[in-house]
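Peer 1: Here is the input, now give the coordinates:
(chains A and B)
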2 protein chains.
Amino acid sequence: MNEPIVIPPRHGTAFILHAGDTLEVIDPLGEQVSDMLAFSRADVRELISNGRTFDYEETISLTVGNRLWSNRSRPMLEIVADSVGRHDFLLTPCSEATFRHFYPAKPVHRGCMGNLVSALQSYDVTEDAIPTAFNIFMNVVVDGQTGRLQVLPPTSKPGDSIRFRALMDLVIGLTACSAYASNGGSFKPIHYRVVPE
Amino acid sequence: MNEPIVIPPRHGTAFILHAGDTLEVIDPLGEQVSDMLAFSRADVRELISNGRTFDYEETISLTVGNRLWSNRSRPMLEIVADSVGRHDFLLTPCSEATFRHFYPAKPVHRGCMGNLVSALQSYDVTEDAIPTAFNIFMNVVVDGQTGRLQVLPPTSKPGDSIRFRALMDLVIGLTACSAYASNGGSFKPIHYRVVPE
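Peer 2: Numbering: from 1, shown residues only, chains lettered A, B, ... in the order given. This next block holds a predicted model:
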């Protein structure tokens, strides 16, 4: 298997994932989050949609066997392996505005949002077009009675990973999360590898 | 108070809502859903975001006192009255694709998606830009343990309503829902009125 590529702490990247390729995202040190976006390579106006995914998968808890759907009702990615089983598809990437809101006493960072905007620029994705991300390893607990959300440290251990199979040619955006709450207050790298079909 | 405007069953509309105006959405017969979208009038690339809203409101159950936020982290609407207290912000508007998926034996309808696309065309909103809607009166139950979603009939009774105050100049899209599951299998009108500041 090819060596994983390193996303340094509080950074992001973007790359092409061909239909049939497998993307593996690894948490090398444990308790780190990776925000993932997906756009159709043929037309980036087709993009990952939490609403369509919740509709078709009939759950907000996505793991092996579930697919991530586009705004055009087409499956983009299928989860084919998952050693964690706990990810979030409710919350948007952390950004300068969320840093000011949630951590007023801490230095502002451009966050996953800024990192994704920068990485996706060369694929003609604009900031306004960035939707709710699929937040790999992010541990968000929903109270079914009250609807209250709680962001807890990820349950991922060092070396845990999730694998996706691409169902169409995609542009992927991927980060090592920059927020305090989502990774228990520490900033860590994320590793990933693409395994061709 | 001005007379309400009628959205006929399985139809939709779009209109300007000025900052400070109040929008009241009424379920005249009970158990009907209305999908709502909001875009900044100044730039329709700024639009309602379930992810940003869940982030800032820290709940998926939105009612009086909660605000609906844009993808640019600005509050667009505040809920100022609500006789139902049960709405959905997880699922996307029903569409030809969702009709084929969920109701394969029933005639396909363009659904709320088609109605919104048509109504919003003159405001330069394209189909790909339509995000997860705020689904007024839609009763979606989330199992906090498993994440499973269930669409149940709305709890709204005849004459129930919700009121929003606009926090910026908006383009609003609004429907009387066309899907079977979301309104208990019957298609009914939705009423609304705009009360100027």
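Peer 1: ok, A:Leu120 touching A:Thr175?
Peer 2: No. Using C-beta atoms under 8 Å, A:Leu120 is not in contact with A:Thr175; the gap is 10.9 Å. All C-beta spots, glycine's among them, are computed from the backbone N, C-alpha and C.
Peer 1: who has more neighbours, the two?
Peer 2: When neighbours are counted by other C-beta atoms under 10 Å in any protein chain shown, A:Leu120 and A:Thr175 differ, and A:Thr175 comes out ahead with 29 against 23.
Peer 1: buried residues in stretch A:120-128?
Peer 2: A:Leu120, A:Val125, A:Glu127 (16 or more other C-beta atoms under 10 Å in any protein chain shown).
Peer 1: Can you tell me which of the residues you listed end up in helices?
Peer 2: A:Leu120 (DSSP state H).
Peer 1: Compute the distance between the nearest residue to A:Phe15 once chain neighbours are set aside and chain B, please.
Peer 2: Nearest residue to A:Phe15, sequence neighbours excluded (C-beta to C-beta, 6 or more residues apart in numbering or on different chains): A:Ile172, at 5.8 Å. Separation of A:Ile172 from chain B (C-beta to the nearest C-beta, to the nearest Å) stands at 18 Å.
Peer 1: and A:Val140, bridged to which residues?
Peer 2: Applying DSSP bridges to A:Val140 gives these bridge partners: A:Val151.
Peer 1: So what's the residue count around it?
Peer 2: 20.
Peer 1: sorry, back to before: any idea which helix or strand comes after whichever helix or strand the residue nearest to A:Phe15 is part of?
Peer 2: In this assignment (DSSP states H and E), A:Ile172 forms part of strand A:170-175. Next in sequence after strand A:170-175, counting helices and strands by DSSP H and E, comes strand A:190-195.
Peer 1: The least confident helix or strand in chain A by mean pLDDT packs against which elements?
Peer 2: The helix or strand of chain A with the lowest confidence, counting by mean pLDDT, DSSP states H and E, is helix A:96-102 at a mean of 88. In this structure, helix A:96-102 packs against helix A:111-120, with contacts taken as 3 or more C-beta pairs under 8 Å, 6 or more residues apart in numbering or on different chains; DSSP states H and E.
Peer 1: can you state the direction angle for the helix it packs on and strand A:170-175?
Peer 2: Inter-element angle recorded for helix A:111-120 and strand A:170-175: 140 degrees (by axes from the mean of the first three to the mean of the last three C-alpha atoms, to 10 degrees).
Peer 1: Quickly check: helix A:111-120 near chain B or not.
Peer 2: No. Helix A:111-120 is not in contact with chain B by C-beta under 8 Å from any C-beta of the partner chain; minimum separation 9.3 Å.
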